[in-house]
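A.B. asks: Sequence plus the predicted model coming up.
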Amino acid sequence: MKSPNFIADTVSFELLCDEVGTGSVYELTPEDASLLAPHIASHPETLFIACSGVDIGGGQGNLLLADGKAVAIEWVREERNPVSGEPETNMYRYLFGLTSEGSCVGYEEYDFHSTINNEQLGDHWMSLEELSNRYPIP
């Protein structure tokens with residue numbers, strides 16, 4: 001069984017889950033994102049953080065969720081040490097939910113490319129132009 005990357009505050013998860021709902025994308029401040037993923041606020045190279053509620057239908061992987069609710073956080077930051085030809089941003093996706101014991105846990109769950117199946121809003125490597133075209137923030 002895969003170990004979680006994060007153990008988060010259940011109350012913060014539930015508040016964020018209620019705030020974002022399912023199917024909408026919201027921009028988060030680094031401080032708000034850090035309620036679940038504490039390391040984000042310490043990164044000055046952060047460019048953008050998106051959050052959305054995700055309905056995963058009662059469970060996915062190690063998450064056994066109440067009401068099938070989960071929160072995805074997509075964190076985009078400047079690539080400080082790019083390899084030749086690599087775009088200037090990196091995107092990471094974290095999925096948070098409740099365990100059957102009621103704890104909130106989070107997993108790093110990004111793919112290198114966004115697809116309908118993984119519901120990522122962007123690719124792991126994106127140019128600034130692609131970033132501005134992909135994130136449908138109201």
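C.D. replies: Done, it's in.

A.B. asks: When you work out contacts or count neighbours from here on, use the C-alpha atoms and nothing else.
C.D. replies: Fine.

A.B. asks: quick one: the strands in this structure?
C.D. replies: Using DSSP state E, the strands of the chain run over 6-8, 25-27, 46-55, 69-78, 89-98, 104-108, 125-126.

A.B. asks: I'd like those laid out as a markdown table, including distance to Ser132.
C.D. replies: Conversion of these to a markdown table gives the following (distance: least, CA to CA, whole Å):
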| stretch | distance to Ser132 |
| --- | --- |
| strand 6-8 | 28 |
| strand 25-27 | 13 |
| strand 46-55 | 10 |
| strand 69-78 | 11 |
| strand 89-98 | 11 |
| strand 104-108 | 23 |
| strand 125-126 | 10 |
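
A.B. asks: For these, give me CSV that also has distance to Glu14 and mean neighbour count.
C.D. replies: Formatted as CSV, the strands of the chain follow (distance: least, CA to CA, whole Å; neighbours: other CA atoms under 10 Å):
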stretch, distance to Glu14, mean neighbour count
strand 6-8, 11, 17
strand 25-27, 16, 19
strand 46-55, 11, 20
strand 69-78, 9, 24
strand 89-98, 9, 24
strand 104-108, 9, 22
strand 125-126, 30, 20
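
A.B. asks: partners of the residue most central in space within the chain in the sheet?
C.D. replies: Nearest to the mean C-alpha position of the chain, by CA atoms, centre = their mean, lies Ile73 at 1.9 Å. Beta-bridge pairing of Ile73, defined through DSSP bridges, involves Cys51, Tyr94.

A.B. asks: sorry, back to before: in a markdown table, list the strands of the chain along with mean pLDDT and distance to Asn133.
C.D. replies: Output for the strands of the chain, formatted as a markdown table (pLDDT from 0 to 100; distance: least, CA to CA, whole Å):
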| stretch | mean pLDDT | distance to Asn133 |
| --- | --- | --- |
| strand 6-8 | 86 | 30 |
| strand 25-27 | 83 | 14 |
| strand 46-55 | 84 | 13 |
| strand 69-78 | 86 | 14 |
| strand 89-98 | 86 | 14 |
| strand 104-108 | 85 | 24 |
| strand 125-126 | 69 | 10 |
